[in-house]
Structure formats: C-alpha cells, structure tokens
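Student: Sequence and computational prediction follow.
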Amino acid sequence: MDALVLQLLNGLDKGGAYALIALGLTLVFGTLGVVNFAHGALFMLGAFCAVAVQQLLTLSAQVKDPSVTFFEAFKEVPYLEIWFGDAGTAIIAWSLPLSILIAIPVMLLIGWAMERGLIRFFYKRSHAEQILVTFGLAIVLQEIIRIWFGANPIPVAAPPIVSGSADIGDWLGLGPGVVYPWWRLIYFLFSAIILAAVFGFLQFTTYGMVVRAGMRDRDTVGLLGINIQRRFTAVFGIAAVVAGLAGLMYTPIVPPNYSIGMDFLVLSFVVVVVGGMGSLGGAVVAGFLLGILQSFASMNEVKAIFPGIDQIIIYLVAVIILLVRPRGLMGRAGVMES
Amino acid sequence: MTDRKSRLHTPLSRRSILKGSLASTTALGAFALTGGGPLHFVRNAWAEEQPIGNFPAKTSGSSITLGFNVPQTGAYADEGADELRAYQLAVKHLNGEGDGGMLNTMAPKALKGNGILGKKVEFVTGDTQTKSDAARASAKRMIEKDGAIMVTGGSSSGVAVAVQSLCQEMGIIFMCGLTHSNDTTGKDRRRYGFRHFFDAYMSGEALAPVLAEQYGKDRVAYHLTADYTWGWTQEESIKNATEALGWKTAAAVRTPLGAGDFSQYITPVLNSGADVLILNHYGKDMVNSLTQAVQFGLRDKQANGKNFEVVVPLFSRLMAQGAGDAIKGILGTTNWHWSLTDDGSKAFVKSFGQEYGNPPSQAAQTCYVQTLLYANAVETAGTFYPPEVIKTLEGFEFDGMGNGPTLYRAEDHQCFKDVLVVRGKENPSNQFDLLEIVKIVPRADVTYDPNIPAFNPDGNAELGPYIPG
Amino acid sequence: MERTSASRDLILMVVFTAAVLSMPIWLAPIGAGYPDLLQKFAIFGIFAIGFNILFGLTGYLSFGHAAFLGVGSYTAVWTFKLVSMNILPAIIFSIILAGLFALAIGYVSLRRTGIYFSILTLAFAQMAYNLAYSVLTPITNGETGLRVLRDDPRILDRVLGIEPGDVLPTPELFGLRTIGYEGFYICAVFLIIAFFIALKITRSPFGLALRGIKSNQSRMNYAGFNTRPYTLAAFVISGMFAGLAGALMAVTDPLAGAERMQWTASGEIVLMTILGGAGTLIGPILGAGIIKYSENIFSAFNEQNLHQAFSFLPDPVQDAAVSIASMFVGEGWHLTLGIIFMLIVIFLPGGVMEGFGRIVKWTRKPPAPRATQEVRTAG
C-alpha cells in the first residue's frame, strides 16, 4: 500500500513537470498557431536562472587552505560569508526561492524577445518550418548555456528547512517510517497552484476571456477593436514564465544540465499530442496520466509481468491512444493534421 | 594519401598485395590521378617488422602522437576531465618538463625524460560522450586523421570494450583508463588492450569480508544496477561474494545509464524486505541515486530489526565531493587514493596538486600510470612495433607507482595489486579529505585464475593474435 | 522535351558518379579526404536520399527514421555472426528487415497525418531505442553494442570451407577489405545506385503522385485517388534506404550501438535534408555532407589550431579572436550548426539548393525560363 502511495507521489511530481510544459506548449499553439520546439529550452533556461543566482550568491574568494599540506591548495569562500557571516550563509541557503523573484521578469523578457524577434515571422509559415526554426533556436539556446555553464549537471540545493523528508506515513495513517522528500511534495503543490492560477486567469478575468475568445475566432475578436496580437504575445510570455518556473523548481530533484530541456520537450510533445493538440485540459490530464503510469510501470511487480515496460510505457500509451482516439484525449478536428 | 594507404594495409603477404591492387583497381580514377599505384606497398616493407596500425608511418618523424579519448560530456564527465589533466601531466613528464612526478619513483624504468625513444610526445583528445558509437568514431578520427600510435581513455566499460576491439582490428595499442567491468579483461579481453585499473571481481573479494564484519552475516541486499556491462558484472561479483558469506539477495533492478531521477527505482526498495541497498552506479548516476536514497529516508530506516545500510561498491573522491554529506559512513572500494603515503603516490599528488590545485582522483592515477607504462614499454623494447611493445608489457612486474608491487599478467592483460576498502569520512580535516582507508586488501587475496566463469563464461575468451588480421 | 530531360538526367548521373568517386581527391585540400569521414558522407548521403523520398516528396515528416538505420545495423552484424562475413548477405538481409519494420510502423503511423504522424513515428523509434538498451540486450548487447566474435557460427562460411583463423574476421566483399578507402568505394557504389533509384522514382508517375500528395492530399482523396498505398510505399522505400545505410555503417565498422536509433539521430537526418534542400535530389546529400564535415572538422578544432590560424594577428587581438572563434568550433560546433540551420530556415527555406538556384538566377541577369526549369528538375 505505502509503495503504491509513494509511486503515486513520484508520478504526480513528474506529471506536474510534464503538465506545466505541455500547458505552455498548448497555450502558444492555441493562440499563435505556432508549434514551439524551443519550449523545452525555456524549461532549461528557468533551471539555469536558479543555477545563475546560486553562482552569483556564492561568488567566492580564493583563500589559502592551510589544512592541505602536500601542495598549495585554495578554498573557495563566498564573499557573502566573508562580509555578513551567518546572515550571508543564510542568504546562500535560500538562493533557490530568491531566484524565483529573478526568474519571473527574466523569463518574461526572454519570452517577449523570442516572440517578437522570431516567432512572429513564422505565424504564416508551415508547421514543419515552425518546428524546424524553433528546433534550431533550441539548439542555439542550449549551446549558449553549455558554453557558459559547461556540459555537466550543476546541483542546486533546496533551502535546508525543506531538504529533509516529511513523515507522510503518520499523516496518511500508513504507520511510521514512510517518508517522502519535502521538496518533491512542494513541487507537486507548486505545479497544482500554477495550473490553477493559469486556468483561473483564463476563466475568470476579462483579459483571459478575451484570449480564449481569440483562440476560438481571432478575426471576430479583432473586428471588435481589440488588439488581440498584443494579448497573444503576453500569453507567450506567460507560457515562458510557467515553463521557466517548472524548470527552476525542478533543480533540487534532478541537477540540470544544458540538455534537460530537450529531454523534457520530447516527452512533453508526446503529452500534448496524447492530450489533443489545442486542448488545455487535455494537456494537463495527459501530463499527470503519463507521469503516474511511468511511475507505476517501474514497480517490480509490473516489470515481472512486462519486462522493460518502464522504458516504453509513455510511448506505448501514446501509440494506443492515438490509434483509438485519432485526435488524442480532447483534441479538436482539423488541428495540425496537415 | 600514399602513406595513409600503406598503413591501412597490414600483413604484407602476396595475398594482401593482390587484394591491395584489386582495391586500387576499384579505386581506379583516384589512384591514377594522384600517381600512387600499388607499388608503394613494397616501399615500406621491412624484413621482420610489418606495418601495423600507424607503425611505422607515424613513428618515423621527430614526434609521435598519443590519442586521449575521454568522456567530456555525460554521466562520467567529471572523471573524464580529471583523466585528461592526468594525461597532460604525463605528457609533460615524459617530455622532461615539470618535476617528473612518478618518473622519479617508477621501477624498473627505461624512460629518460626525453620523450619516447627520443621523440617528442604530442597528443590529441576526443570526447567519448560516454557512448560506444561516439567513442569509436573519435578513436577512429584520432587514428586515421591525427595518426595516433596509441589510444587511451575510458570511464565507461561499455566504451572501453568497444574501443578496445576497434583498436585490436586497427592494430593500435589501447591502454584502458577507468574501466571496472570484468569483461574488459574477461570475455572481451584483447591482445592490444591493457588494464591497470582493478575490476568488479576484485571489489567483491575485497569488500565482502569487510561488509560481513561490519554489518553481520545475516543480511538481505537489494541491488540497483546501471544497465550495461560494468553494472552487470559488478552486480554479479558483489552478489556472489556476499552470498558466499551468508547474505541473501532480495532483488536486482537495472536502471538506465544517466537516468537522473531514480525515485521510481528507490521507492520499491522500502518494502522489499531488504536491509542493505547496494548501488552499482558510478559518476553522476551514483551521486544522484545516493542522495535520493538518503532523501527517501533509507539510511534512517530500520529493517529486519537492523539499521538499513547503503553500500556503493566502487566510488572515488570526486563522487564523494558531489554527494556531500550523503557519502559519510558509506563503504566501498577504490583503486587508489591520494592520501596513500608511498613515494610514488606522494610524488604524483605533489606534482598534480601543484599543477591543478586539486589532488588527483583514482581515474587520474590509473590514466597517468597507463601512459607512463606504455612509454616505458616502448623505451624498453626499443621500438614502437606493437607486438614487441605488447610482449614487453605482458608479465611486466613494477613498483613505485602508487599501488605497491604490481604485475601486468600476460594471460589477460590485467594488473594485479592491492585493493583499498574505503569509507566516506565523517569528519574531514580538509576539503579533499573525504575518504578514509578501512583496509588495504593484499594483492594475493584478490588474485584469481584468468579462466574462472566470471571472466571466461563461455570458455572462449582469448586475447587474439599479435598481428591483427 | 521528354528526350532532353532524359539526356539531362544521364549527364546528371555521370557528373554525380564522377564527383562521388573522386571525392578523396577534391575533398583532401579541405581536410576531409580520410576514409572514415568519406564513408560517413556516402552512408549519410544514402540515408538522406531515402528520407527525402518520404519527406521531400510526400511532406510526411518522420521523427523516427533512425530506428530503421538501427535495425539495418543490427541485422547486418547478426548476419556477420550467423551467416557470412561477406557483406552481400548482410546488406540484403538488412534492407529486407528494415523494409519489414518500415512496413509495420508505416502501416500504423500513416493512419494519422500531420504532427500526429510525426509523434507516432517518434514513439515507435523511441520504444525501439529504449528496448534495445534494456530488455533486448540479448539481441543488441545493450550499451556496449553488438560485435562480431571470432567463434561465431557463420554457417555459410563454414559450408564454403572458410574456417575461422586465429584472428578476428573482418567484413569483406569476395576478398576485398571493407575498411579504409576500399570501404569508402563500396559505400560510394551504393550511394550511386541509391541516387539512381531515387532519380528514377522522382521522374516516374509514382513520384508525381507522391508530390501530388504533398501539395494537396485531400483533393487527391476527393478525386477518388487512394493515397495510402503510395505513402506507405514511399515510407517503406525510405525505410529500406535507411536499412542500407545502417548496414553500410556495420560494414565499415562491424559494431551496432543503440545510440544510432535515438531521436536525436532521427532529428539529425531531418536537419540534413532541410539544410540541403528537401524535395531536391542533390540537396539532401549536400546537407548530409555539410553536417558530417562540420561535425568532424569543426569539432576537432582546439585553441592550438586557432592560434595557428590567427597567428598573423598581433597577440592581444589574436587572443580575442581565438576566444570568440572557439565558441563556434570544438565543442561549440553545435552552436554553429544551430545558427546556420536557423538562418537557412528563415531566409532559404529551400536549403542550400535554393541558394544555388538564386545565385544561378542572379548571374543570368535576364531570367531565362529554361534556366530556372533546369535548376528545379536537375536539383
């Protein structure tokens, strides 16, 4: 029983990340009609916001290390610790939450630049060309990150107060000793909140209502004298922030490297397609569904029956769903079929 | 083009000349235009020493080139970077620059500090990306384009095995870097491949008695294993060694290389009835899986009335650095550690530390030693002719290189030397002091017959010929 | 008209054949005249030609073609192990098996169009890749890759009385070695054959139908034309080309690794085709050549070479030039690739071939209609 609960939680974590990326992909596609292969790169850039802030805060002085006697060695001591002592150490420990504040404007800016600088010239071009140019952009972005930060994953620490594990066994009545890492619980909650916020924004604000109307019928909304283009650009910015925060919050779970965006992008595209191109709800449902299935498929009991199923479950489900439901779980007819 | 052509044709017999001219006929236009005919095969024909690989085409100038093929990206990139540092240091020392490092302590020694056979040592590097295909492609590039006469590198046994068999075909000596799979000198042993690093079987033999002594003989183990040759043989070796002492094995689960998030594999451990988790992971995989195992509360857990324990059979200081607090108290084995106090280790640590500001890792040590051993064998043999160099290395007994008296066994090209059982240190005295040596297991205790099932499962393992086909 | 076009094709074939066979000569000055790279040019050229038959003609964008390449490689190595070291059986079996795989995957995937088709092919390829890496290890030898061993059965060789010596056997073609320059010429011959077949397909009514599907599939369907057999045939043919390329990879280096099936490998072939010019005959081969050349040459640059290259500059300027240039070569060559690729898609959606076309147009100031016609059909 507790094994099932823990695997469910693992699945919700992964599903949360898939859903956040897939949601952004779908938003961009629904509003601008653009298939954005660089969306995974936004996830990666968000993760590297966290890395950059951490590196900035831990800028260090080279201090001679007297405890190393066999050659001249130097220790790196962060300036913040030299200047502020314990307060400096505390600031460094909280670098991840701090980086959220930086990441939101940065990701908005990146999203805006991407949309105005490149994407808008591709509204009218074929989906294949959109995929290819954004694929090229994704390569460029991840290579820039690689030149700057190197090829290796860089660990980012969660604040010490939540770096341990929560006694979920006690909460859920599963008995003592069943624990789950705090940060993974936070990640799931965080993704739920962001998803709710985006849906709330689209559903309950006038701005969101106009965007939704524009997704249905762009021309009519335009005729009403509303500058729908500007709102769509704003939506691209929001999608960029969502993807960026998803990546940023994921860093304590898996240390990011330059290619983490591509890894997630491929899976997220499968998620979007399984959910149905253009359906926001479908993206979220499919994200969590595939995350949870992937987790359960790794259980030894399942693998005993279907060897290797944990390696292919996502793709297998995608194939089955696409063959049974031609447009995914909630897709509309005629979208992206030519 | 002419000299490249000649070195690609190896055994010089009447038949190969015929084949060569057949090839040239196919290649008609190209050869006619460059003016090279089949005749040039005869030009380099030596009485006893036939052209093999890049010999003698690339060993006749005033300098020679070594190929360093290490992972610069992927799960083992940290180790790869340290290997490259060691190679560069070795080249310096061979050319008589710097303080000489282990050249001062190695015995017996033929090297003079003036390059190899008086030729200046140069090098090219390649990125294996921790993938067999990429590693072979970059090894090929170094051999065909850059004219490397010896290739060395590693940090993944899959890559080492793949490159080693390529080198056998091309007639280029391959000095393995960090590779720990039994297969490298077991069922996939090759005449042109040599391994200084220890192997999974030795880890099992050295580690199991310490595990039984520390954790008792009544334990149930759960293995998480990197899904490739190294992981498989290490799992097998540790399983056999611990089961021989009374342990049981609950399950052995394979995980893909470079998985990143191991949570879905760690969760099932909790209810498996096991009380020990054995992580057959290396590099960043090990850092991730170990920290995640700790996050999931495995080290605070009680199972079967005992404290739950985690064991990492192979780890190094670089990984301990990455894992931070999670590594403290964890038992494992290592090939070499910088805190050893013999003359060879001290000389190497001093020279490496001064150059790079870090002590060398076990990967760096094995790569440095391998480069010196190759150079020394050439110097001793007095020729770059590969069969002679190989014969010099086979059965070579040496000392003063950090591992005590060491033998390069002729039967399987494996080095035999002491093995270190180590533990993550609870209270490090400085930033590099992360491992403490629990036990130095003597060479005799880890020596095995080259044809036991772990190394020759199908009874057909063989080194192959001195002169490749 | 018909006659001139046929004679033009003949000239194209002759020029192409001459150019391919003389590659070791005219590529040597740019540092590409060594066998490993030349073999790659030919092999990926074949792969790209095949991919272009599907993508260039029908417009179906497959993101899983590397799977067929992998199937071809594994089949070839297994044939070396079980049947014969002669490369002909290996190549034949590889093409057949890759074709069967393509038939199965194509039959399922072609029930969908657009991005749904792309994702289906991607899903199948990723499944093949992940399985090859894990549970299919007994067949694929997992991460290490499948290799030829000295004591493999090799039934046909045994029957013909070729006994295994004490050396590891290498692939051969009736006594001819398949590595080094011989290997390149073997691949080159197959490249020329592949090009000839692609030329014939493009010029045939079948090719015309495929292009009709690209420009408007639903109109063709409404006209009572069942497009499915045509697209499936194109899919299978391109899968067989990929199988041939995979087999040649195993011929020149008898090892099959799972990485060559990964989605990045599928993405690479898409890049090659677009870069050169999708839908043209020569374009994909050019694209393959450009990418493989950059990969091997740019990635091998290091600071040492760059300092030599910029040695004519004064020291401080030289250091700056080297540090800027080193971003784009060595490990950074992917950045160069990404930038070039973006520029091509933005400004030259027809790839390098469109660039050539524009240059030709521009040099022949009064735009002669026949000249442009020539570019379109010949390219």
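Tutor: Sure thing, it's come through.
Student: okay, CA-based contacts and neighbour counts for the rest of this
Tutor: Fine.
Student: contacting residues for the residue of the stretch 101-250 of chain C found nearest chain B?
Tutor: Here the stretch 101-250 of chain C gets closest to chain B at one residue, C:Thr144, 4.3 Å apart by CA to the nearest CA. Shown in contact with C:Thr144 (CA atoms under 8 Å, 6 or more residues apart in numbering or on different chains): B:Ser132, B:Ser157, B:Gly158, B:Val159, B:Val161, B:Ala162, B:Tyr228, B:Thr229, C:Gly257.
Student: Looking at those, state which has the most neighbours.
Tutor: Within the contacts of C:Thr144, neighbour counts (other CA atoms under 10 Å in any protein chain shown) peak at B:Val159, which reaches 30 neighbours.
Student: so which strand or helix has it?
Tutor: Secondary structure assignment for B:Val159, by DSSP states H and E: helix B:157-170.
Student: re earlier: chain A: which of the contacts of C:Thr144 is nearest?
Tutor: Nearest to chain A among the contacts of C:Thr144, with distances taken as CA to the nearest CA, is B:Tyr228, at 14.4 Å.
Student: C:Thr137 versus the closest one, what's the distance?
Tutor: The spacing between B:Tyr228 and C:Thr137, counted by CA to CA, to the nearest Å, is 9 Å.
Student: C:Arg158 too?
Tutor: 27 Å.
Student: can you map out the strands along the chain?
Tutor: Using chain A. Per DSSP state E, chain A carries strands over the ranges A:60-64, A:74-78, A:165-166, A:180-181.
Student: The intended chain is chain C.
Tutor: C:146-147, C:172-173, C:176-177, C:255-256.
Student: What does the pLDDT read for the residue of the stretch 101-250 of chain C closest to chain B?
Tutor: pLDDT recorded at C:Thr144 is 77.
Student: same thing with the one 3 residues further on?
Tutor: C:Arg147 is assigned a predicted lDDT (pLDDT) of 83.
Student: With A:Ser295 instead?
Tutor: On the pLDDT scale, A:Ser295 gets 89.
Student: packing partners for the helix holding B:Val159?
Tutor: Helices and strands touching helix B:157-170, by 3 or more CA pairs under 8 Å, 6 or more residues apart in numbering or on different chains; DSSP states H and E, are helix B:132-144, strand B:173-176, strand B:193-195, helix B:229-244.
Student: Adjacent strands (with direction) for the second one?
Tutor: In other words, strand B:173-176. strand B:150-153 (parallel), strand B:193-195 (parallel) (DSSP bridges).
Student: Which helix or strand lies directly C-terminal to the shortest one?
Tutor: Elements were assigned by DSSP H and E; along the chain past strand B:193-195, the next helix or strand is helix B:200-215.
Student: now B:Gln264, nearest residue through space, not along the chain?
Tutor: Excluding the flanking residues, the one nearest B:Gln264 by CA to CA, 6 or more residues apart in numbering or on different chains is A:Ser295, at 5.7 Å.
Student: Let me know how buried that neighbour is, in neighbour terms.
Tutor: 26.
Student: Which residue is the nearest non-sequential neighbour of A:Ile144?
Tutor: Per CA to CA, 6+ apart, closest to A:Ile144 is C:Leu335, 7.2 Å.
Student: ok now do that neighbour, which residues does it touch?
Tutor: The contact partners of C:Leu335, taken as CA under 8 Å, 6+ apart, are A:Ile139, A:Val140, A:Glu143, A:Ile144, C:Met327, C:Phe328.
Student: Which member of these is positioned nearest chain B?
Tutor: Looking across the contacts of C:Leu335 and measuring by CA to the nearest CA, the closest to chain B is A:Glu143, at 12.9 Å.
Student: Number of residues surrounding that closest one?
Tutor: Neighbours around A:Glu143, by other CA under 10 Å: 25.
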